[in-house]
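Chemist: Using only what follows, build the 3D model:
(one chain, ligands or ions: 2)
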Amino acid sequence: MASSESKSPEMDPNFVVGLIGMGDMGKMYARRLSAAGWRILACDREEKYDELAEEFSGNNNVQILRNGHLVSRASDYIVYGVEAAAISPVVAQYGPSTKLGAIVGGQTSCKDPEIQAFEKYLPSDVDIVSCHSLHGPNVDTRGQPLVLIKHRASDESFAKVENVLSCLNSKHVYLTAKEHDRITADTQAVTHAAFLSMGKAWHATKQFPWEGARYVGGIENVKINLMLRIYAQKWHVYAGLAILNPEAHKQINQFAKSTTELYYLMLEGRADELRERVYAAKDKVFGAEGSPKWAAQPLLRDGVLDQFSLGKPPEGHSPPLPNNHLSLLAMVDCWSKLGIVPYDHMICSTPLFRLWLGVTEHLFRNKALLDESLRVGIEDNTFRRDDLQFTIAACGWAECVALRQFETWRERFAVTQKFFEPRFAGAIEVGNAMIKAVLASSAEKE
Ligand SMILES: NC(=O)C1=CN([C@@H]2O[C@H](COP(=O)(O)OP(=O)(O)OC[C@H]3O[C@@H](n4cnc5c(N)ncnc54)[C@H](OP(=O)(O)O)[C@@H]3O)[C@@H](O)[C@H]2O)C=CC1
Ligand SMILES: O=C(O)C(=O)Cc1ccc(O)cc1
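Modeler: Ligands and ions are numbered 1, 2, ... in the order given. Down below sits the predicted model:
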C-alpha cells in the first residue's frame, strides 16, 4: 500500500467528467470538481431530472442530463455513484454507451461487485480506475483518505484520474480492489456492526441514552453520537458494505461471537477467564507491556470528548455509572481473534473508525478504567439488560449479513431509525462538531 498527498491539478478544459448517480456523494463530487473548474455532465434517475437541473441551474460547470447513456457517451471519465446493490444493473444499462477510450470508475463502498460489473459490461477499450472517498458527504475532503484503484488502465489514464481528483485535496491511497475490500471490512463493516447493535439495544430497552444517568462522559458521547450519525444515514450504504463485501462476513460474525462469549463470562461470573481473555486480546492488539503498538500520544486527547454530550443528566443524579463497555471489549477481542492490528489500517481509515479506535485505545491504555470495566462486568447488574439486547442485536446483524438478507436488514434498520429520528437534527450537529474537534486534535499531533 502506498499513499501520496495530491498535487495541484492541470486543467484540461476539454476533459469532461461524468457522474451517474447524483445522491449525497454524487452531488458532493459535482460541487467540488466543478468549483475546481472541471466540466461536469451528471444524471440521476430520469424522474429527478427537473429537480436536479433546477438545483444546479446556477452552476455553469455542471450540466444535468436525463440519463446515464447521455452522460456516458459524452464524458471522458465517468464515476458511478449509485447504491452498491444497484451497480450491476446500472452498469449493464449505461456501460455499453461509454465513449470510446474513456475511463470509468465507481464510488461504491465495496469494490467486488463494482469491478465485476465493469469487467462484464464495459467495452474492452474502456479503462477502469475506481475510487472511494473514505468519509461521508458532509466531511471536509481535505486530508481524508481517497482510495484509488488502477484496475485496468494505462498510466496515462490513471494520471488523468489523479489529476481530476486532486482538487479534493485528499490523501491518495493506492490499493487493489481486493485489498480495499479486506481493509474496509476491518475498518468500516465491523465498526458499523458495533454502532448498529448499540442502537438496536437502546431501542429494545426503550431509552434515549443521553437522557439518563447511565451513559455519561466522553466514551459514552462517542457511542451515542456515532450511533445516531449512522442511523440518520441511508440504510443502503451500511447494508451494501456489509452484505456485498465478501471479506466483511467473517469480521461481523466474529464480532457477534466475541460479544456473546464475553457476555456469557460476565453473566456466569467467570472473572478470571474474562480477565485472562481480555488481557490476552489487549496484548495481541495493542502490544504487550513494554512494546506497545499505540503511539506515545493517545489518539484522543483527554477530555476532548466530554463536551459533546447530547443531553444533561437529570437533576440530582449521582456521578456517572461505571460501564463494563462490552462493545469495546468485544471489538478488541474480535480484532485479536482475526489477527487485525487496527493501526495498520490508519492510512485508509474513516473518521468514524478513528474515533472508535480512539475510545477503544482510551479504555485499554488506562489500566484502572479497564479493570473497573471487568469488575462491573462481573459484579454489577445495572447494564445486564442493555448488554443482553446488545448481544442479541450483534447476532441478529451477523445472521442477516451472512444470509445476505437485504430486505430484513432494511427493516431492522428502518424501525430503529424511526425511534431515534426526532433527535437526528441536533445529533448531527453535535456529531459533526465532535468529529471536527477530534480531527483537529489529531492533525495537531501529525
Ligand atoms: N454516504 C456515504 O457516506 C458514502 C457513500 N459511498 C458510496 O457511494 C455510493 C452513493 O452513496 P450516496 O450518494 O450516499 O447514496 P444516495 O442514495 O444518496 O445516492 C445514490 C443515487 O444513485 C441514484 N441511482 C440509482 N439508480 C440510478 C440510475 N439507474 N441512474 C442514475 N442514478 C441512479 C439513486 O436514486 P434512487 O435513490 O432513486 O435509487 C440515488 O439518487 C454508494 O455506493 C455508497 O456506498 C461512499 C462513500 C461515502
Ligand atoms: O465513516 C464511516 O464509516 C461512515 O459511516 C461514512 C462512510 C460511509 C460509507 C463509506 O463508504 C465511507 C464512509
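
Chemist: what residues does this protein put near ligand 1?
Modeler: Residues of the chain lying close to ligand 1 by CB under 6 Å from any ligand atom are 20-26, 43-45, 68, 81-84, 86, 90, 107-109, 133, 136-137, 234, 237, 240. C-beta coordinates here come from the backbone N, C-alpha and C atoms, glycine included.

Chemist: Just the buried ones from the residues you listed?
Modeler: Among those, those buried by neighbour count (16 or more other CB atoms under 10 Å) are 20-23, 25-26, 43-44, 68, 81-84, 86, 90, 107-109, 133, 136-137, 237, 240.

Chemist: Please flag which of these sit within helices.
Modeler: Met25, Gly26, Gly68, Val90, Val237, Gly240 (DSSP state H).

Chemist: What is the most widely separated pair among those residues?
Modeler: Gly68 and Val237 (20.4 Å; CB to CB).

Chemist: Can you list which of the buried ones among the residues of the chain next to ligand 1 are found in strands?
Modeler: The strands, defined by DSSP state E, take in Ile20, Cys43, Ser133 from these.

Chemist: And the first one, how close does it get to Lys48?
Modeler: So that's Ile20. Ile20 is 12 Å from Lys48, where distance means CB to CB, to the nearest Å.

Chemist: Could you tell me the end-to-end distance of stretch 173-187?
Modeler: By CA to CA, to the nearest Å, the extent of stretch 173-187 from end to end equals 15 Å.

Chemist: and Asp125, what are its phi and psi?
Modeler: Note on Asp125: its backbone torsions stand at phi -80, psi 0 [degrees, to the nearest 10].

Chemist: how many other residues sit next to it?
Modeler: Using other CB atoms under 10 Å, Asp125 has 10 other residues around it.

Chemist: buried sites along stretch 163-170?
Modeler: So for stretch 163-170, counting by 16+ other CB under 10 Å, buried means Asn163, Val164, Leu165, Ser166, Cys167, Leu168, Asn169, Ser170.

Chemist: As CSV, these with secondary structure and pLDDT would be great.
Modeler: Output for the buried residues of stretch 163-170, formatted as CSV (DSSP: H, G, I helix; E, B strand; the rest coil; pLDDT from 0 to 100):
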residue, secondary structure, pLDDT
Asn163, helix, 97
Val164, helix, 97
Leu165, helix, 98
Ser166, helix, 97
Cys167, helix, 97
Leu168, helix, 98
Asn169, coil, 97
Ser170, coil, 97
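
Chemist: Low-confidence ranges, the stretch 301-446 of the chain, go.
Modeler: Within the stretch 301-446 of the chain, the segments meeting pLDDT under 70 span 302, 307, 310-320, 441-446.

Chemist: run the last query once more with 90
Modeler: 301-322, 346-348, 351, 382, 422-446 (pLDDT under 90).

Chemist: Any idea how many residues pack against Ala414?
Modeler: By the measure other CB under 10 Å, the count of residues near Ala414 is 12.

Chemist: and what of Glu407?
Modeler: 9.

Chemist: Now do stretch 84-104: distance to the chain's middle.
Modeler: Centroid separation for stretch 84-104 versus its chain: 25 Å, with CA atoms, centre = their mean, to the nearest Å.

Chemist: quick one, phi psi at His325?
Modeler: phi 50, psi 50.

Chemist: How about Tyr121?
Modeler: With angles defined as degrees, to the nearest 10, Tyr121 sits at phi -110, psi -10.

Chemist: residues in contact with the closest residue in space to it that isn't next to it in sequence?
Modeler: Counting by CB to CB, 6 or more residues apart in numbering, Tyr121 lies nearest to Gly95, which is 3.8 Å off, once chain neighbours are set aside. The contact partners of Gly95, by CB atoms under 8 Å, 6 or more residues apart in numbering, come to Ser72, Val104, Ala117, Phe118, Tyr121, Leu122, Pro123.

Chemist: how far away is Leu65 from ligand 1?
Modeler: Leu65 is 10 Å from ligand 1, where distance means CB to the nearest ligand atom, to the nearest Å.

Chemist: before we move on, back to that, including pLDDT and distance to Arg410, could the ones in helices among the buried ones among the residues of the chain next to ligand 1 go into TSV?
Modeler: Output for those, formatted as TSV (pLDDT from 0 to 100; distance: CB to CB, whole Å):
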residue	pLDDT	distance to Arg410
Met25	98	19
Gly26	98	21
Gly68	98	25
Val90	98	19
Val237	96	12
Gly240	97	11
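
Chemist: buried stuff in stretch 364-382?
Modeler: Phe364, Arg365, Leu370, Glu372, Ser373, Leu374, Val376, Gly377, Ile378.

Chemist: let me fix that: stretch 280-294
Modeler: By 16+ other CB under 10 Å, the buried positions in stretch 280-294 come out as Ala281, Lys282, Lys284, Val285, Phe286, Trp294.

Chemist: Relative to ligand 2, which of these is nearest.
Modeler: Distances from ligand 2 to the buried residues of stretch 280-294, taken as CB to the nearest ligand atom, are shortest for Val285 (19.7 Å).

Chemist: quick revisit: farthest pair in the buried residues of stretch 280-294?
Modeler: Across these, no pair lies farther apart than Ala281 and Trp294, at 14.3 Å, counting by CB to CB.

Chemist: In TSV: the ones in helices among the buried ones among the residues of the chain next to ligand 1, plus distance to Thr184.
Modeler: Output for these, formatted as TSV (distance: CB to CB, whole Å):
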residue	distance to Thr184
Met25	15
Gly26	20
Gly68	26
Val90	21
Val237	12
Gly240	11
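
Chemist: ok, for Leu146, nearest residue in space, not its chain neighbours?
Modeler: With CB to CB, 6+ apart as the criterion, Leu146 has its nearest non-adjacent residue at 3.6 Å, and that residue is Ser170.

Chemist: and Ile128, that's in a helix?
Modeler: No - Ile128 is assigned strand when assessed by DSSP: H, G, I helix; E, B strand; the rest coil, not a helix.

Chemist: Does it touch Ile103 like I think?
Modeler: Yes - if you go by CB atoms under 8 Å, Ile128 and Ile103 touch, sitting 7.5 Å apart.

Chemist: Touching both of these two, which residues are there?
Modeler: Common neighbours of Ile128 and Ile103 (CB under 8 Å, 6+ apart) are Ala153.

Chemist: Compare those two and say which is more crowded by neighbours.
Modeler: Ile103 (26 against 20).

Chemist: quick one, phi/psi of Arg66?
Modeler: The phi/psi pair for Arg66 (degrees, to the nearest 10) is phi -80, psi -30.

Chemist: residues in the stretch 301-446 of the chain within reach of ligand 2, list them.
Modeler: Thr350, Pro351, Leu352.

Chemist: Perfect, that will be all.
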